[in-house]
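Enquirer: Sequence plus the predicted model coming up.
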2 protein chains.
Amino acid sequence: MATIRDVAKLADVSVSTVSLALSNPGRVSQKTLERIREAVQTVGYVVDPLAQSLARGRSRMIGLVVGNVGNPFFGDIRRELENYAIEHDHFVLITDSSGKPDRERALVEHLSGLKVAGLALAPSGYDQAYVDFVQNIKMPTVCFDQKVAGIDRDFVGSDNRLAGAMLTEHLLQLGHRRIAFIAGPKHMHTASERLRGFMDTMGSAGVEVNPNFIVDGQFTRSAGYEAAMRLLVQPERPTAIIGANNAVALAALQAMQELGFNCPDDISLAMIDDVQWSSVITPRITMVIQDTLKLGGIIARRILHRIMSPEGAADPAQDFVLSPKFVPGNSCKKL
Amino acid sequence: MATIRDVAKLADVSVSTVSLALSNPGRVSQKTLERIREAVQTVGYVVDPLAQSLARGRSRMIGLVVGNVGNPFFGDIRRELENYAIEHDHFVLITDSSGKPDRERALVEHLSGLKVAGLALAPSGYDQAYVDFVQNIKMPTVCFDQKVAGIDRDFVGSDNRLAGAMLTEHLLQLGHRRIAFIAGPKHMHTASERLRGFMDTMGSAGVEVNPNFIVDGQFTRSAGYEAAMRLLVQPERPTAIIGANNAVALAALQAMQELGFNCPDDISLAMIDDVQWSSVITPRITMVIQDTLKLGGIIARRILHRIMSPEGAADPAQDFVLSPKFVPGNSCKKL
DNA sequence: CTTCATAATCGAACCGGTTCGATATCAAAC
DNA sequence: GTTTGATATCGAACCGGTTCGATTATGAAG
């Protein structure tokens, strides 16, 4: 591997001039610049990112920390971030915390050790220790998906209350009154907002909510399955179920199938968030989806804005909240 | 941030002794070792991975390069690799090539610049230039999924011929003769082997294969959909379709549904590889799946073996080929 | 022909570690 | 009481860049 000293020797200038020429071509005379560029070509010099990061105290990498890289929700975000980063000569490191705050913390510390230029973080915690931890991250950081109270950082996400409200409204209009809701973890902002959207809409419509119809699915497949089972074995069953995320909704569908219920003839189903292959799942589930592409674009732009410009770095934290989109399927029956 | 010099000063030893003590505690006297450890604690010293990597010429990171991090096939592999890496104090960098050889190459070069200790690579190319590229990778590398002719590297994957054969055999036993096959890119080893498994089994059974029943789905959803459409609009339709991967099979299911065919009553369907939520897709598709957990374990162990031990580094390349597993669904009807 | 500001280039220190040959220490062997 | 050999520690060079104050070259103004 050719080093900067090889280039300097060949171009007959000092090492510092080469460094200067490469990072700030304007401050070097035309002649020397050309000589240096030529020398770079002939020796095949490529800057060593490790050495550069050590010297500069910052790398050209952006850390992406998510709870589950397999979730299609993160797919578009990752892609947008990568494309945008590449355009600006940066490189995205993807890491997966499996939704565990401990692991997430270890990952962030690792990334911090690598002196990443910025961080796109899908928060997985909520308590005070967690808030302090995120607050103390030294690098430019953009949080997304989960809004955490007390964290004063850029945030990019969707209007989850609205998402819950849209599905509820839809079912009410179809004549449903006995609507059940499989919720997520109470401490998660997305989960509580979606539930709030449901409750508010039911309240505004003057429909009473059976407390047994609110069950906790923890946003996971297994807990969602059990929650759905609890709903379905009640003597007085709901006529419709809203899954607060894709996992609990599909778990509910599975539970229905196993118990011999037909969806939508026996029970209607609606969910928040898309899944891969949703179009081949029978019935096609009515859902509210997030504009992941746009979310990803905003995250990418915001983080690079913070990284690249000095004034961007000083920008106060800002929230970007997008409206979700209603996508009708055929899983909801008119009563 | 405390540096090694702070530790040295506090423990009243030289910097080199601290370095030695930390990386090889046995070669330092008990007394000094304790003093150093104490000093490390009090100043809160943590080694700077960047500086260490620069000095050593190698980092404690492992690069994982896949074609699509969203594919559940990679999920288990990633998880196994991460867990195993963490146990051995390494860190996994996930990168996504989107299946493009160019991008993959850029990623590998990036990782190489970061001096990763090792590489787990799902190859996405096949031509001579690509082979040369992979052959010239300087770090310990384990390839997986796609076996590429000419690449002399460790390989971990499944018996794809067998996978194709198992599904074919199953359909033959159910009485099917007009079996169609939606294939993948010819140059991909997995694709050609799966097709070979189909052809061989049909041949052995003495069943002639209608050439129109072999269509190319490129392993993608869109091409798979078109290929399936071509199959389904023929006057003489197949009674069963095998999708060479999950994407083309589900695309075929979608095509069937849109044309009003019932699966399995009108046409049977079977596929290779699982998808998330396959259990809620109606009908549950009969499939052959890979033991991704075991594949991941082998990849992880193999790569760390090469990284950690000098004799491991010198090991000749080896192939690890696992048998896939048949998972019956209800998408195949007995004729 | 100086003078002086500006532009171009350089040298040295630094980022935070590792490594290796050299030196110091000490106990056992002669 | 030396010699010897092993063990412990050290100093300096190095990994490959960046940065900044100092120095030299350039050229316009006086």
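Expert: Sure thing, it's come through.
Enquirer: Can you tell me the SS state at A:Val156?
Expert: What DSSP: H, G, I helix; E, B strand; the rest coil gives for A:Val156 is strand.
Enquirer: quick one, what contacts it?
Expert: A:142-144, A:295, A:298-299, A:302, A:319-320 (CB atoms under 8 Å, 6 or more residues apart in numbering or on different chains). Yep, even glycine has a C-beta here, placed from its N, CA and C like the rest.
Enquirer: Buried ones from those residues, can you make that a PyMOL selection?
Expert: Paste this into PyMOL to select the buried members of the contacts of A:Val156, with burial taken from 16 or more other CB atoms under 10 Å in any protein chain shown:
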select buried, chain A and resi 142+143+144+295+298+299+302+320
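Enquirer: I'd like the contacts of A:Val156 laid out as TSV, including distance to A:Phe326, pLDDT and secondary structure.
Expert: Compiled in TSV, the contacts of A:Val156 are given as follows (distance: CB to CB, whole Å; pLDDT from 0 to 100; DSSP: H, G, I helix; E, B strand; the rest coil):
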residue	distance to A:Phe326	pLDDT	secondary structure
A:Val142	27	98	strand
A:Cys143	26	98	strand
A:Phe144	22	98	strand
A:Leu295	17	98	helix
A:Ile298	21	98	helix
A:Ile299	23	98	helix
A:Arg302	26	97	helix
A:Asp319	23	98	strand
A:Phe320	20	98	strand
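Enquirer: and the stretch 51-200 of chain A, which residues reach chain B?
Expert: Within the stretch 51-200 of chain A, the positions lying close to chain B (CB under 8 Å from any CB of the partner chain) are A:51, A:53-54, A:59, A:69-72, A:74-75, A:78-79, A:82, A:91-96, A:98, A:110, A:113-115.
Enquirer: mind running it again at 7 Å?
Expert: Contact residues, the stretch 51-200 of chain A versus chain B (CB under 7 Å from any CB of the partner chain): A:51, A:53-54, A:69-70, A:72, A:75, A:78, A:91, A:93-96, A:110, A:113-115.
Enquirer: Which part of the stretch 51-200 of chain A gets nearest to chain B, residue-wise?
Expert: Taking CB to the nearest CB as the measure, the stretch 51-200 of chain A has A:Ile94 as its residue closest to chain B, at 4.0 Å.
Enquirer: my read: that residue touches A:Leu64, true?
Expert: Yes: with contact defined as CB atoms under 7 Å, A:Ile94 counts as touching A:Leu64 (5.1 Å).
Enquirer: Pick out whichever of the two has more residues nearby.
Expert: Ranked by neighbour count (other CB atoms under 10 Å in any protein chain shown), A:Ile94 and A:Leu64 place A:Leu64 first, with 28 against 23.
Enquirer: beta partners of that one?
Expert: A:Ile94, A:Ala120 (DSSP bridges).
Enquirer: Buried residues of the helix or strand where A:Gln257 lies, list them for me.
Expert: Using DSSP states H and E, A:Gln257 sits in helix A:246-259. Using 16+ other CB under 10 Å as the test for burial, helix A:246-259 gives A:246-257.
Enquirer: And for stretch A:212-223?
Expert: For stretch A:212-223, a neighbour-count test (16+ other CB under 10 Å) marks A:213-221, A:223 as buried.
Enquirer: mind listing which of those are in strands?
Expert: Counted as lying in strands by DSSP state E, out of those, are A:214-216.
Enquirer: Just give me the closest of those to B:Phe155.
Expert: Taking CB to CB as the measure, A:Asp216 is the one of these closest to B:Phe155, at 45.1 Å.
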